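Chemist: Next input, structure requested:
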Amino acid sequence: MESINKLDKIAISVHAHKILRKLLDENPVLEKILLNANTEEDALGAIKNWIFPKLKRNPAAEDFYHSQKNNPELFEQLFWEDYAAIRILDYIDHAGEEYPDQNIHGEVAITNPIKMLWLATNFGVGGAKPGFFKDMLQLFRQLNSSLPWIPPQNHQIIEWMERYPSGIDKKIIDLRIQNKKRILQILLKKIENKEIRSKQYFFETGISQQEKEEKMEEWWNESRFHLKFAVRSPELLNEMLDYSLDPDTMQILYNAKEKGIPFFVNPYYLSLLNVQTPEFAVGADLAIRCYVVYSQQLVEEFGEIVAWEKEDKTEPGKPNAAGWILPSHNIHRRYPEVAIFIPDTVGRACGGLCASCQRMYDFQRGRFNFDLEKLKPNESWKERLPKLLDYFKDDAQLRDILLTGGDALMSNDKSLKHILNEIYKMALRKKNKNILRAQNKKYAEIVRVRIGTRLPVYLPQRITPELGNILSDFKTKASKIGIKQFVIQTHFESPMEVTPEARRAIQILLNSGWAVTNQLVFTAAASRRGHSAKLRKVLNDVGVLAYYTFTVKGFKENSSNFAPNARAVQEEMEEKVIGRIPEDEMEFAQKLMAAPKNIRNNIEKIRTVNDLPFLATDRNILNLPGVGKSLTFRTIGITRYGRRILEFDHDRTRNHSPIIDKIGKVIVIESKSIEEYLDQLEAMGEKRKDYERIYGYSIGQTEPRMPMYEYPEYSYKVTKEFSNLEV
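Modeler: Next comes the predicted model:
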C-alpha cells in the first residue's frame, strides 16, 4: 500500500495533462464534480449520483448492471451509451480493489480511475499515464454520444478485406517461387561445403550442378527434408531471409538464443516471408512474421513465464484446476465431454515454434523441445497407450478425444495408424461395456475424434495420399461402431498461409472424409481491419470452416502479439457480422461437416444464395486463465497505465466442470492499453480512425456455438454422474 501511495504523488506528464484538459473541457459537469469534491470518496459518490439517472432511462440497462448473472436477453437490449454508463458505475463499485497482476510478476494492481481523475484535476498528480486518460476521454465521449456507434458498411469491410492478398494469388505465388529458389541455393551450397551433413540428403560424387538443383527441387516435396534443414539459429534465419533482418531484431534473436528459447523454422514456411516486398504485398506477411520473429518482451520473460491455463498443470492421481483427476501429463481436461490426448511420440513436437505458443511455459521447463530423435517413443509406449486410453473408456461423460501435442501429425504414419487403431479399440470396448449398463446409467460413447495439427500450414508436404488413406480407413471402420464426427483442427493465421501446397493438403484431408476447421489466434497483426474476414473467405474457398478466433493468452511474454479483448468484440460486431448465416439456412449449414468431400460446393452454395463473402462459423473467444473459454465480460477497472481489468463469466451455453460454481468470476488484467495497441497498429500502416470505436466495447457476450459443432445426440439417456472428478 505504501508503494501505491507513493505513485499517487507522482506528477502526470504534459501529454497526460493535455488529454485531461480535453476531457474536462468536453465534460463541464465532470470537471465541476471533481473540483468541488474534497475527497476522492466525495467524487465517487457525486459521479455515481450523476450517472445513475442516465442508466435508468433504459430499464434493461439498469437490470443488466445490477444482475449478478450473465443475461444475454438483457445484453441485446443495451444501447451504446449504456455500455459507458455501466462501465463508469462498475469502476465506482470496484474502486480500490487490488488484484495480483502476472504481467508484473504478481505485483498488486489497483483500480481507482475516479481517484486518479480527482488527483490529476486538483493536484496534477496520481501517476496516471496518457493511455489511461485517452481511455477515459473516449469513455465520456461514448457516454455523451459524441462517439456514436456507426458500424462500417459492407462495402467498407470488403475494401479492408481486399487489402490482403492470399497465398494463392498469382503474384504471391511468383514471389514465393523466387524465395524458394534463394533458400534452395543456400542449402545446396551448405550441403556441398558439408556445413550441413545428412545420411539421406547428400550429393553423389560427380553429379552436375543442374542435377544437384533437380535433386533439391525433388527433396523440397518431402516433409523430412524440411524438418532436417529447419533453421535453428538467428544467423541462419537471417541468411535464409537474404540478410533482411535489421540489427535491433537480430540483437533480440541473439538474446533469445542465449536465454534458451528454441528456434525451429522449416524452409517451406520461411519461403512465405517477403524479403524484397513489392507494393501489392506491403505488410501482407506481418501475421506470419510475428510468429517467426521473437519479441523483446518474450526474451525478457523467458525463465519467468507463468502457466496461463491452470488446468494444464497435471499431477497424476490428483485433481487439476478444473477438478478432473488425470492419470498422467498425456491427458489434459477442462470440460466433461472432451479431453486432450498427447501421445509420447514425435507428435509432442511441431513443424515450427510459434512465438506466442501457449506451450512456451513447457519449452521454458524443457519438457518440450525440437530434438526429434529423443522424442521418438520407447518400447514401453505400446503398452502404456491402451492403458492411458482406458481413461476415456471408463469415464461417464467423455465422448470426444482430441489428439494433439505439439502436433499430432508430426508422428509418422506408422505411429499415427497405431494410435488411431488403439482409439478405435478403446471406443469399441466402451460401446460393448455400455450394453451391460442399465438405462439412465449408460456412459457417453465416443462420437467425435479430432486431430490437432498446424502442418497443413507449416509443412503441407506432410499431408500425403498415404496419410489420407490411413485417415480414410480409420473413418470407415470407426463409423461402423458409432463414431460420427471426424475433424482435423488446424491453425491458419493469415490468408498468405493459404498456398497451393496448403490447398492440396486440405483437399487430401477432405477426400479422406475428415472435415477441416480452423482456429485463428487473434494477434495484433491478425487483428487488423478486414484481415480475419479475408482469412475466413480464403479458407472457405478451399473447404475449411472457421471454428474459433482466440484472443492471445499469456502475460507480458505475449504482450507484443496481444490484441485487447475489446478489439475481439469489435471485430465480431463490425466485421464478422457480414458473414452471419441466416436462420433459415442453419439446417443446411448444420450438415456441412457431415459431407467433407462436398464441403467446398456446399459452402459456396450458402455464400452465393445469401450473398455472403464468407461463413462466420467461428466464435471470438478467450481461453480463460482459470477454466473454460468465454468472451462474456465486463470492464470493471483500469490501471494507471490504461490496461483494462476485465471480469469474465463462464460460457453458460456449454457444460463445465461443477467447479466453476466455486471458482466464480475470473479476473483478467490485459497486458497493454488500447492506446499502446493503436500505436502498434499505426506502426503497421493502419489508420487510428478506423478503430476509434474500440474503446466503447467494454462488455462482451459469448456467441452461441454453431449447430454444426454440437455433439450428435444418443439414442439413449446418458447418466448424469461424473467420473474422475473431485471438487
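Chemist: Neighbours of the closest residue to residue 93 other than its chain neighbours, how many?
Modeler: Leaving aside its sequence neighbours, residue 93 sits nearest to residue 636 (C-beta to C-beta, 6 or more residues apart in numbering; 7.6 Å). For glycine as for every other residue, the C-beta is placed from the backbone atoms N, C-alpha and C. By the measure other C-beta atoms under 10 Å, the count of residues near residue 636 is 23.
Chemist: Which positions within the host helix or strand of residue 636 qualify as buried?
Modeler: For residue 636, the element it lies in under DSSP states H and E is strand 632-638. Of all the residues in strand 632-638, those buried under the rule 16 or more other C-beta atoms under 10 Å are 632, 633, 634, 635, 636, 637, 638.
Chemist: Now do the same contact list for the residue nearest to residue 93.
Modeler: Neighbouring residues of residue 636 by C-beta atoms under 8 Å, 6 or more residues apart in numbering: 90, 91, 93, 94, 97, 111, 645, 646, 647.
Chemist: Can you tell me the closest non-neighbouring residue to the second one?
Modeler: Meaning residue 91. Residue 91's closest residue in space is residue 113 (C-beta to C-beta, 6+ apart), at 5.1 Å.
Chemist: can I see the domain layout of the protein?
Modeler: 2-149, 170-301, 325-626+704-709 (automatic domain parsing).
Chemist: so which of those is the most packed in?
Modeler: Greatest average neighbour count among the domains of the chain goes to domain 325-626+704-709 (a mean of 20), per mean count of other C-beta atoms under 10 Å.
Chemist: Give me the average confidence score over the strand holding residue 636.
Modeler: For strand 632-638, mean pLDDT is 98.
Chemist: now swap in stretch 38-46 and tell me
Modeler: 97.
Chemist: Stretch 355-373 now?
Modeler: Over the span of stretch 355-373, the pLDDT mean works out to 78.
Chemist: Identify the residues contacting that stretch?
Modeler: Outside stretch 355-373, the residues that touch it by C-beta under 8 Å, 6+ apart are 227, 230, 232, 260-262, 264, 290-295, 298, 302-303, 305-309, 329, 346, 348-350, 353, 375, 406, 521, 523, 552-554, 557-558, 561, 623.
Chemist: C-alpha coordinates for it, CSV please?
Modeler: What follows is stretch 355-373 as a C-alpha-only set of coordinates in CSV (Å, rounded to 0.1, in the frame of the first residue of the first chain):
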residue,chain,number,x,y,z
ALA,A,355,6.4,-17.0,-30.9
SER,A,356,3.2,-16.8,-28.9
CYS,A,357,2.9,-20.5,-28.4
GLN,A,358,0.6,-21.4,-25.5
ARG,A,359,3.1,-24.1,-24.5
MET,A,360,6.0,-21.7,-24.1
TYR,A,361,5.8,-22.4,-20.4
ASP,A,362,6.7,-26.1,-21.2
PHE,A,363,9.5,-25.1,-23.5
GLN,A,364,10.9,-23.0,-20.7
ARG,A,365,10.8,-26.1,-18.4
GLY,A,366,12.5,-28.2,-21.0
ARG,A,367,9.6,-30.7,-21.3
PHE,A,368,9.0,-29.7,-25.0
ASN,A,369,11.8,-29.3,-27.5
PHE,A,370,12.8,-30.0,-31.1
ASP,A,371,15.2,-32.9,-30.6
LEU,A,372,13.1,-35.1,-32.8
GLU,A,373,15.3,-38.2,-32.2
